[in-house]
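[1] Sequence and predicted model, in that order:
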Number of protein chains: 6
Amino acid sequence: MGTLPLASVDAAVIESLKKSNTATVCSVLLRAGFRNVLMKDVRPLGPYAKPMVGPAYTLRFIPAREDLEDPAWRSSEIHREAFEATPSGHVLVMDCRSDTSAACCGDILVSRLMVRGGAGLVSDGGIRDSGMIATMDLPVFAQAASPPVMRVAHCALEHGRPIGCGGVAVIPGDLIMGDADGVIVIPAQVAAQVAAEAFKKDAQDAFVARRILGGASLSGNFPPNAQTLREFEAYLATQAKSI
Amino acid sequence: MGTLPLASVDAAVIESLKKSNTATVCSVLLRAGFRNVLMKDVRPLGPYAKPMVGPAYTLRFIPAREDLEDPAWRSSEIHREAFEATPSGHVLVMDCRSDTSAACCGDILVSRLMVRGGAGLVSDGGIRDSGMIATMDLPVFAQAASPPVMRVAHCALEHGRPIGCGGVAVIPGDLIMGDADGVIVIPAQVAAQVAAEAFKKDAQDAFVARRILGGASLSGNFPPNAQTLREFEAYLATQAKSI
Amino acid sequence: MGTLPLASVDAAVIESLKKSNTATVCSVLLRAGFRNVLMKDVRPLGPYAKPMVGPAYTLRFIPAREDLEDPAWRSSEIHREAFEATPSGHVLVMDCRSDTSAACCGDILVSRLMVRGGAGLVSDGGIRDSGMIATMDLPVFAQAASPPVMRVAHCALEHGRPIGCGGVAVIPGDLIMGDADGVIVIPAQVAAQVAAEAFKKDAQDAFVARRILGGASLSGNFPPNAQTLREFEAYLATQAKSI
Amino acid sequence: MGTLPLASVDAAVIESLKKSNTATVCSVLLRAGFRNVLMKDVRPLGPYAKPMVGPAYTLRFIPAREDLEDPAWRSSEIHREAFEATPSGHVLVMDCRSDTSAACCGDILVSRLMVRGGAGLVSDGGIRDSGMIATMDLPVFAQAASPPVMRVAHCALEHGRPIGCGGVAVIPGDLIMGDADGVIVIPAQVAAQVAAEAFKKDAQDAFVARRILGGASLSGNFPPNAQTLREFEAYLATQAKSI
Amino acid sequence: MGTLPLASVDAAVIESLKKSNTATVCSVLLRAGFRNVLMKDVRPLGPYAKPMVGPAYTLRFIPAREDLEDPAWRSSEIHREAFEATPSGHVLVMDCRSDTSAACCGDILVSRLMVRGGAGLVSDGGIRDSGMIATMDLPVFAQAASPPVMRVAHCALEHGRPIGCGGVAVIPGDLIMGDADGVIVIPAQVAAQVAAEAFKKDAQDAFVARRILGGASLSGNFPPNAQTLREFEAYLATQAKSI
Amino acid sequence: MGTLPLASVDAAVIESLKKSNTATVCSVLLRAGFRNVLMKDVRPLGPYAKPMVGPAYTLRFIPAREDLEDPAWRSSEIHREAFEATPSGHVLVMDCRSDTSAACCGDILVSRLMVRGGAGLVSDGGIRDSGMIATMDLPVFAQAASPPVMRVAHCALEHGRPIGCGGVAVIPGDLIMGDADGVIVIPAQVAAQVAAEAFKKDAQDAFVARRILGGASLSGNFPPNAQTLREFEAYLATQAKSI
């Protein structure tokens, strides 16, 4: 693995992205050249999504094997260390190789992450105690609810290093964003630029949406033609002044 | 493709079917010889289904390829034309080849369909802005929420022609019905007959259900024997008089 | 098939397990040597799970074939007999070979099961009338909502004998437990022991959870070290006295 | 389960069908009203198929569970009994619920079936020792090669009763036919009629194929028009004489 | 659908590509900006692949429905027309929506395509008579062998228009290339440039492969550094002279 | 990750295991407590398997992302380093997260591994140049042939550390065994004991197989009863003397 210095994302960028959503940011990332950013089959736990944005902290599992339960492998310790090591405001992302036959955590570990100020939890595996966790304030996204304990399928190997989750690369420090549409990864080094573009795109989309809901045709409005864009810029200028 | 003149379904038939549901209509269609009418893995967007009945208008995508983004292919225009061309009261049905790796539309296009009086939207692909769309009045059914924009996976090719959706044939003008059980297709030419039979079957099922909830045994009631059928017909005659 | 006399589970054991949950019981079963107890892809019908515990009664389907609709095969009668034969307080578990292309039952049969005092219904196939059933008091778990009638895919063959459901063996009399995490099977002969261990494990988990939510670190608490265990035992003794 | 007396298929019918193939017989069965006869994902073991026709003998497994290894369940005995009980000329068909995570048999059991004059072996699970078995004379079809022993996933429950295999109903005595296209089931009571129609259809297909390979157009030949059918009947009469 | 004039590919380009392979051409297409060119799960029929290159002719199916068997829809005629309409040297590509539950053709139609000089046949559905077809000279690629006749799952709708096959866009006239690695699509307008680059890349790969097989290290050879590239260019110049 | 010193497997153990097979070794591993040792969906490249046994060397990929192609990440170098670093007699095992949408290597890298004395190559991803590689002497196992180049889906991250492959844990130094049944992992620390037991089990199986092929019944022979076991031990003693 290379030693590319990881970018740290400014808090203002995160705050700005909290006003946006995965659909807008996917579009902005595509224009920036990033095509594979959506975690496959990772969904909100419970019927409603809690929006989530934060830098990633990572935990990697390999498949369970009976001899890896030997204390020398420290799998249980590594598992818990990851929850204690996730910095406040961060999202803990777990690489479960899309295997949902066991849980990668339950309510006690999720509670600890919440108490420590975690911004959310993401797994491409299963979560146990899912009914209780769905009532907590912490946003949690996974591929499934799954009650069996971790060691049935997973051996925690290391934390804080690059992983794959739902078929997407996650480098510690990348931003993780989740909502009803799913969970995406925003590479840290483009986060500021993405946030700025997302802000403008959301404003433009809202401007257009109001017209469409008011009865306007798609023609000229979506996508906006030059005239609509001028009107949007004028509106934006007015809004900026009124703040 | 042949030139069979498409049947147009009477408004009263649609109103009648709005009082029925996909489970009843599936049974009636099977008796009429139609076995493959249920779209595979197409589910309501959001935790609760909004019931939907209306004639189909169709849009077909083929897989995306970089050279098909050439303006000469008019993919974006064809995409938007389909939303403007869907007649009021119709359901826009999109053939995404069960590929959910990108969205076939988002909130602005769905808003336009709703404002124009669309009866619903169905896709065997993904929908973006799914959280917002789930709060709109328009019934929307898809295989998944999926934030990436259309051009990542789909190229709109044509609208208003026969398609497959979720493994089921959809001819423009066929009735599309959706509820918590899923989405089915009612061939236009049998819709009137299906509506009449569904009405009677629903009445009979409600008659039987009341007995069962009142403590009656399945025996003789479900399925109804001759005696129960006579009592149901008598009840139906009474109901008809009382209207 | 062998002739092992089936254990009957005491009512107090069932009441005790109703206070527990699938996540805890999975852990307890694993320690008792049972690894494959979770039904794959079997989920609550509707967005919220209704907790369920009860002994299994079973119904087995084989794939439908046109000649098996012959009355001599008695498929429809066997289907209904299973609902009438399920003892009060029992869970009817149906082996649909994970085929969701048709329903294994609808609202009338589910109503009958509820009226007769059934404790729940589980299927690794599809359920029709799912919207209405989700509003009933009876807990229902299945792989999908699916409106087509049974005979499109299933032929009821026999009830009250061992089956597989969601990849798990179910012997009539085994306990079936369901909640938001999914559905598991508790072999009858270990149910009493499992209930006792689950009670203690839940109490310990609650004791630890309070500490974690109060700000304590995972270290020493999860898993509990000797000191924490002593404090838990002391707490448990206090609780026992206070009852 | 009903008590329909099972038809026994005449040896001459089986010999006649050995000259046909699954593609022809599928067509004939469809005309006879049988739509679901192809076992899903069941393929020849090894790169080349050995053609197979014979009446079914059946064996059913339920999912493994640790307590079912108790000798009282007689799972191992039932497993072996099925191989000893399969009559000469019959195909042993095993219901493994499409679970390939373990084998339902290996080379010794397959050798015994071959020595006893079995006509073939079919499973919707896995087969171990697949390299060696592929070199034997016995036709073997399964969903996968899979080395783990039976008890990891399967508990043999009973033999000689109706089962599902690859999503298709199999009643003991039904004919099982396999070749490069896959494995199908021919209900016993229609086997004689199916064999007769298949014989004629194969002759007609061969007659047409020679024309097509000789350069004739599809038009008028495939499907055959009245003129071609007359010529085929004349040819068939000639052939019959020349025998 | 737009009216972009379709490029016609020169015969020399096709001859040149016949000396290359899908792995090389995938790399060249990626450099040209084409990412989605590999048909998913489309494999050679039989254990060994016959290499194939030719322009696409297309046939599209929609899902079968009982009323579409009405002669007015002309589904059978359209099916056969496609085989008669495929120009000599072309590959017939069929859009079966990745549904392998029935065949899209069998030995007679494949024979006709071969006799008429077809270059191959590709389907993302099933093929019947697969054992016989695997022995023919014509390259055939599909997702599976499948004996049931077309009308069980497919209704032929139109030929000669853009389709998707295995998740990839296919425009009539695009080149289709198949070998042991699978089947890819080469957009017509870039075929000449792709062939030229593939020729050079294959020569370079062969140059490097000889070194590696001779014991050279990957370092400096794969990928080639400046020195290796100079030596390759010198070698290439020598080869050109010696022709 | 823990620092358990890795066991090194004696050459005689590897030679002994080369006379055994995955089916036997799976059984022996199960008795030793190892349940999850079979790589899911990993199959021989080409129609026939080449038997393979050797210690694992490992390479891990994470999902591709455009910014990870930055030279600072050294992905291409790490990829090649793994092939140069695999010791002679070892099997290179690659963790591709069961993603077959691109290749993890092609003929040049495989040639280098073969020239350097590698014992085989295993991947739960795709392999390009599969037709040519299937003709080489080196055993190669993967989930699919797949022509697109690595960087479409994979970023090589590190080699020589624990990975998952096909859902199974692989620690560098574990033995990897492959044949027609698939690929399994033998933990290094139990390899010697496993080899000894496998040798005896194979001898016993061959002893029984000869009886079965000679017409003996399964009863008393498979599984062997006390009498058969005594006769086998006597035979084994004779064999040992005759060597």
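    The structure has been received and is ready for your questions.
[2] do you know how far the residue of chain A found nearest chain D is from chain B?
    Chain A approaches chain D most closely through residue A:101 (11.0 Å), counting by C-beta to the nearest C-beta. For every residue, glycine as well, the C-beta is placed using N, CA and C. In this structure, residue A:101 and chain B are separated by 21 Å, where distance is defined by C-beta to the nearest C-beta, to the nearest Å.
[3] OK, contacts around the nearest residue to that residue once chain neighbours are set aside?
    Using C-beta to C-beta, 6 or more residues apart in numbering or on different chains and skipping residues adjacent in sequence, the residue nearest residue A:101 is residue A:153, 4.9 Å away. The contact partners of residue A:153, by C-beta atoms under 8 Å, 6 or more residues apart in numbering or on different chains, come to A:63-64, A:96, A:99, A:101-102, A:125.
[4] Highest neighbour count among the residues you listed?
    Each of these was scored for neighbours by other C-beta atoms under 10 Å in any protein chain shown, and residue A:96 scores highest at 29 neighbours.
[5] Isn't that one up against residue A:122?
    No: at 10.3 Å, residue A:96 and residue A:122 do not qualify as touching, with contact defined as C-beta atoms under 8 Å.
[6] which neighbours do the two share?
    residue A:165.
[7] Which residues of chain A lie near chain B?
    Those residues of chain A that sit near chain B, judged by C-beta under 8 Å from any C-beta of the partner chain, are A:21-23, A:25-27, A:30, A:35, A:37-38, A:43, A:47-49, A:179-182, A:184, A:205, A:208-209, A:212-213, A:215, A:217-219, A:222-223.
[8] Among those, which lie within helices?
    Filtering those for membership in helices, criterion DSSP state H, returns A:22-23, A:25-27, A:30, A:205, A:208-209, A:212-213.
[9] And the helices in chain A?
    Along chain A, the segments classed as helices by DSSP H run A:11-18, A:22-31, A:75-85, A:107-115, A:130-133, A:191-213, A:226-242.
[10] which parts of stretch A:67-87 are buried?
    A:67-68, A:73-76, A:78-83, A:86 (16 or more other C-beta atoms under 10 Å in any protein chain shown).
[11] Please work out which residue of chain A is closest to chain E.
    Counting by C-beta to the nearest C-beta, chain A gets nearest to chain E through residue A:35 (7.5 Å).
[12] Next, the contact list for that residue, please.
    Residue A:35 is in contact with B:152, E:35, F:66, counting by C-beta under 8 Å, 6+ apart.
[13] low pLDDT regions in chain A?
    Filtered on pLDDT under 70, chain A yields the residue ranges A:1-7, A:242-243.
[14] which non-adjacent residue is nearest residue A:20?
    Leaving aside its sequence neighbours, residue A:20 sits nearest to residue A:198 (C-beta to C-beta, 6+ apart; 4.2 Å).
[15] close enough to count as contact, residue A:10 and residue A:192?
    Yes: taking contacts as C-beta under 8 Å, residue A:10 lies within contact range of residue A:192: 6.4 Å.
[16] do the strand ranked longest in chain A and chain C meet at all?
    Of all segments of type strand in chain A, defined using DSSP state E, the longest is strand A:52-63. No: using C-beta under 8 Å from any C-beta, strand A:52-63 stays clear of chain C, coming no nearer than 13.6 Å.
[17] What helices and strands are in contact with that strand?
    For strand A:52-63, the helices and strands in contact under the criterion 3 or more C-beta pairs under 8 Å, 6 or more residues apart in numbering or on different chains; DSSP states H and E are helix A:11-18, helix A:75-85, strand A:91-95, strand A:154-159, strand A:163-165, strand A:175-179, strand F:163-165, strand F:168-170.
[18] Just read off the phi/psi values of the residue of chain A found nearest chain B.
    Using C-beta to the nearest C-beta, the single residue of chain A nearest to chain B is residue A:180, 3.1 Å away. Reported as degrees, to the nearest 10, the phi and psi values for residue A:180 are phi -60, psi -30.
[19] Relative to residue A:160, how far out is residue A:173?
    Using C-beta to C-beta, to the nearest Å, one gets 10 Å for the distance from residue A:173 to residue A:160.
[20] This completes my enquiry, with thanks.
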